[in-house]
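Q: Show me how the following folds:
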Amino acid sequence: MVSFAGFPPEGEGPIYLRIVRFIRAGVAAGTVVDGDEMPSRRVVSAVLGVNPNTVQKAYRMLEEEGLMVSRSGAKSFAVVTPESVEAARARLQAEEIGRVVTALRRSGMEKGDAMALLSRLWDEDEQAEERGESE
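A: Next up is the predicted model:
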């Protein structure tokens with residue numbers, strides 16, 4: 001069963017989107033796999049201390065994305081395929097990069113400078129990884 005034990009108590013954006021992001025991240029990381037049982041909406045509501053309708057909204061979005069399937073009166077399950085893993089990763093990466101771009105633009109950085117910084121940091125990270133120093 002998919003666990004919400006690691007769900008971050010604080011975060012950016014509405015809770016239903018944070019639930020969706022949490023499941024996407026699990027799919028991308030391989031901790032949510034095909035056929036995993038999803039906890040009931042009431043259980044997630046109790047664990048996170050949110051309204052069941054909030055969880056319902058998140059689950060509906062996950063169903064629309066094809067990451068889970070629910071049947072009336074039955075349990076819900078994760079639907080994970082190689083395509084959904086790649087889609088989840090791409091969506092998460094785009095969200096993270098979007099936040100960085102917004103922060104850099106707000107700080108007054110020009111696009112060329114941002115690209116140069118990204119390139120330098122990328123190279124430094126690769127070198128650290130080669131030396132066995134990466135996180």
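Q: Could you use CA atoms for every contact and neighbour count after this?
A: Will do.
Q: buried set for the longest helix anywhere in the chain?
A: If you go by DSSP state H, the chain has its longest helix at helix 82-106. Neighbour-count burial for helix 82-106, counted by 16 or more other Cα atoms under 10 Å, picks out 84-85, 87-89, 91-92.
Q: closest to residue 56 among those?
A: Closest to residue 56 out of the buried residues of helix 82-106 is residue 88 (19.8 Å), distances taken as Cα to Cα.
Q: Could you measure from that closest one over to residue 114?
A: 25 Å (Cα to Cα, to the nearest Å).
Q: What of residue 8?
A: Taken as Cα to Cα, the span from residue 8 to residue 114 is 29 Å.
Q: If you count surrounding residues, which of the two has more?
A: More neighbours surround residue 114 than the other of residue 8 and residue 114, with 15 against 11 (other Cα atoms under 10 Å).
Q: Spit out the contact partners of that one.
A: By Cα atoms under 8 Å, 6 or more residues apart in numbering, the contact set of residue 114 is residue 104.
Q: could you give me the average pLDDT of the host helix or strand of it?
A: Residue 114 belongs to helix 111-130 when assigned by DSSP states H and E. Per-residue pLDDT values over helix 111-130 give a mean of 96.
Q: Specify the angle between that helix and helix 82-106 in degrees.
A: With axes from the mean of the first three to the mean of the last three Cα atoms, to 10 degrees defining the directions, helix 111-130 sits at 130 degrees from helix 82-106.
Q: What is the distance between helix 111-130 and the centre of its chain?
A: On the basis of Cα atoms, centre = their mean, to the nearest Å, helix 111-130 sits 24 Å off its chain's mean C-alpha point.
Q: how about low-confidence regions in the protein?
A: Along the chain, the model assigns pLDDT under 70 to residues 134-135.
Q: 80 - rerun?
A: 72-73, 134-135 (pLDDT under 80).
Q: care to break it down by domain?
A: 15-83, 93-130 (automatic domain parsing).
Q: now the longest one, how far from the centre of its chain.
A: Taking the mean C-alpha point of domain 15-83 and that of its whole chain, the gap between them comes to 11 Å (Cα atoms, centre = their mean).
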